[in-house]
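[1] Predicted model follows, preceded by the sequence.
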Amino acid sequence: MKSSKSIVWINVFTAKPGKLDELVAIQAEELYRFKRGSQSVPGWISSRWYRSTDNNKAIMVTTYESIDFHKSWLEKSDFTEHFNKIKHLIEGVDGGYYTLVEDIENL
């Protein structure tokens, strides 16, 4: 078993009908901002952004150094501004913290 001290935040977004493409584009743009100089997000390690094949849902898997770093991001005005850009595109969001239990690859 492989463990990690980092924390993963998994968010499942249910988009309003016909709004998934716009949601995916805005979220992807925001994730690229996480990497940039003064706009970088402390404690952020990586993100993966997936969309469902039925054009209804998207999943964001984001790894932070700790829960505290993620919570700190949620309290920033940058997050509030970003959420205000996407909230009209979303029917629902379900998120939670996870830790790595096993990492199995076929390399």
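    Yep, it's here.
[2] List the buried residues in the longest helix along the chain.
    Longest helix of the chain, by residue count under DSSP state H: helix 20-33. By neighbour count on 16 or more other C-beta atoms under 10 Å, the buried set for helix 20-33 is 20, 23-24, 27, 30-31. (Glycine included, C-beta is placed from N, CA and C.)
[3] got it, and stretch 74-93?
    82, 86, 89-90.
[4] same thing with stretch 60-77?
    Buried residues in stretch 60-77, counted by 16+ other C-beta under 10 Å: 60, 62-64, 69-70, 73.
[5] Throw the buried residues of stretch 74-93 into a markdown table and include secondary structure, thanks.
    As requested, the buried residues of stretch 74-93 are arranged in a markdown table below (DSSP: H, G, I helix; E, B strand; the rest coil):
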| residue | secondary structure |
| --- | --- |
| 82 | helix |
| 86 | helix |
| 89 | helix |
| 90 | strand |
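[6] give me the number of residues near residue 43?
    Neighbour count of residue 43, defined by other C-beta atoms under 10 Å: 18.
[7] List phi and psi for it.
    phi 80, psi -10 (degrees, to the nearest 10).
[8] Quick check: pLDDT value at the nearest residue to it once chain neighbours are set aside.
    Spatial nearest neighbour of residue 43, chain neighbours left out: residue 69 (2.4 Å); criterion: C-beta to C-beta, 6 or more residues apart in numbering. Per-residue pLDDT puts residue 69 at 91.
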